[in-house]
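> how would this look folded up:
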Amino acid sequence: MDYWKSEHDADLPCLSWLNPLQCRQAMNSIARVPSTAVSGEIDLFRIFRTLWRRRVLIVGIAVACAVIGAAIAYTITPVYETSTTLRPVALNQLDALNRSKIYTLPPTDALKRVGATLDSYNARLDFFRSRPDLVDFFQAEGQSLEQAFDDFNKSALSVVQADPKKTDLLSDFIGLRMRYEKAIDGPGILNDFVDYAVERERAQISTDMEIIRANRLAEIDAKLNSAVSEYQVGNESRIARLEEADAIKRAQLNDELRALRAELKLRREARLAELDEAIGIARSLGLKRPSTPSLMADEQVAAGSVIRTEVNGRPVPLYFMGTEVLEAERSALRKRSSDDFVEPRIGQIRKELIMLSTNRKVEAIKSRAGEEVFLEGIEALRVERARLQAVDTQLKGLQLVSVDQRAVASSKPIKPRKTLIVLAALIGGLVFGVVIALLRGAFKDHLRQLRVLEIKGSAHRVLPDDVSQNPSARLAGA
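Take a look at the predicted model:
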């Protein structure tokens, strides 16, 4: 205990006025100093005793740090967190969209598309611009809108996706979290952002469907126009063939008509010649009226003459008609202006020519108002066009995702964690107090070692002179 008492003793006086016995006692006290204090080895018991003697200091520093930590914890603005969860919609909700044969969207793909919109920088920026309350809260003085949005985007919103390694039905979800302060309506903003993203994606799908439908209608119209052009060209060719056939038929009938008329004229001339000859014979026989060979034979017998005629079944010669009949026929033939009525074929030819003067098929083709009605092989195109025009591309009321959990206000803030901050400050204060205590102890030990070394050096210089002058002190020291 002499060593520990010497720590609080006053500075030793100059050894010049010490007697030899006191110097010997001082040297003995120096000799009793633990070697660990000089050698620098760690003495745990000594360290513990040093800390125990300064326990008030350590506890005071710890309590002060805990108070500072509590003040900081209650000064920091509380931050709350809310979240919402989206899951794939039921298959029947997308049945009308998938049956349109324009756009195919499975429920999982719809969820991914909405999730991509929720994580999109542009979508978030557009939503941020549409909310003046967010702009006023996050935009500081002298800060641009993009900088304010960057703070909001990095600190407030985060997307939570499902683990791709899991394949069960419950693993398909997308979560969205938002951290907010008490001054803003975090749950309302998050729910509005989810609705905004779903509506934005629905509008994008509607626009895509409108473009796809317009492209398909344009393709169908191009095919219909091509069919109409082909039909028109075919009609022109068909009309040309019909008119050509009619022209050829009329030419043939006219040729036949001229030939028949020429033939009838020759027949009439031949008949006139035949009649002239028969009239001459009849005059020479004195036949004015029609007669027969047998009648002429009877007349000769009555006059005393006998005329025998042999009939072989040949037609009766023309001159037996008598001159009156023959001259009447010749006169009628000479007055005839046309022989058309003699040949029935001429009437048929005239009828055919009249019918060929107007081709009803050509007139019907030319008078067609709706050419598409007469197109062949395009019924499928017309049906597809009507179906596409009947498709509703507005998609009003379409549900792309199912909101499994709407965002609600949190009752407890996620930070600051006051208990943790106070505990951390208390532990830090204890550590800081221990360090201060150890540093103070080490500093005083260092000063004490310097004093001891100084006393030791002075003792070596003083003790020999004192002993030589005071033998009794030498004996006492012995």
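> Run through the protein and note the low-pLDDT ranges.
For the chain, applying pLDDT under 70 flags the ranges 1-42, 163-171, 296-314, 456-478.
> longest single strand anywhere in it?
Longest strand of the chain, by residue count under DSSP state E: strand 79-88.
> Give the other helices and strands that that one contacts.
On a contact count with 3 or more Cβ pairs under 8 Å, 6 or more residues apart in numbering; DSSP states H and E, strand 79-88 meets helix 107-118, strand 174-181, helix 186-285, strand 401-405. C-beta: built from backbone N, CA, C; applies to glycine.
> Could you work out which of these reaches nearest to residue 151?
Smallest distance to residue 151 across the helices and strands packed on strand 79-88 (Cβ to Cβ): 11.7 Å, for strand 174-181.
> Which neighbours in the sheet does the closest one have, and how are they oriented?
Sheet pairing here is set by DSSP bridges, and for strand 174-181 it gives strand 79-88 (antiparallel), strand 157-161 (antiparallel).
> pretty sure residue 101 is in a helix, no?
No. Residue 101: not assigned to a helix; according to DSSP: H, G, I helix; E, B strand; the rest coil it is coil.
> Contacts only, for it.
Neighbour list for residue 101: empty [criterion: Cβ atoms under 8 Å, 6 or more residues apart in numbering].
> what's the burial count for residue 272?
Close neighbours of residue 272, defined as other Cβ atoms under 10 Å, add up to 15.
> hey, where'd the helices end up in the stretch 251-400 of the chain?
Along the stretch 251-400 of the chain, the segments classed as helices by DSSP state H, counting those that start in this stretch run 293-302, 323-335, 344-356, 360-366, 379-390.
> picking up where we left off before, closest one to residue 96 among the helices and strands packed on strand 79-88?
For residue 96, the closest of the helices and strands packed on strand 79-88 is helix 186-285, at 11.4 Å, according to Cβ to Cβ.
> what angle do that closest one and strand 174-181 make?
Counting by axes from the mean of the first three to the mean of the last three Cα atoms, to 10 degrees, helix 186-285 lies at 140 degrees to strand 174-181.
> Next, report how far helix 186-285 is displaced from the centre of its chain.
Mean-position distance between helix 186-285 and its chain equals 46 Å (Cα atoms, centre = their mean, to the nearest Å).
> tilt between it and helix 323-335?
Going by the same axes, to 10 degrees, helix 186-285 makes 140 degrees with helix 323-335.
> ok, the most centrally placed residue in the chain - contacts?
The residue lying closest to the centre of the chain (Cα atoms, centre = their mean) is residue 205, at 5.7 Å. By Cβ under 8 Å, 6+ apart, residue 205 lies in contact with 97, 103, 105, 395, 398, 400.
> Closest to residue 172 out of those residues?
Taking Cβ to Cβ as the measure, residue 172 lies nearest residue 400 of the contacts of residue 205, at 13.7 Å.
> Can you give me the neighbour number for that closest one?
Per other Cβ under 10 Å, the neighbour tally for residue 400 reads 25.
> In space, what's closest to it - neighbours in sequence excluded?
Distances taken as Cβ to Cβ, 6 or more residues apart in numbering place residue 110 nearest to residue 400, at 4.4 Å, with adjacent residues excluded.
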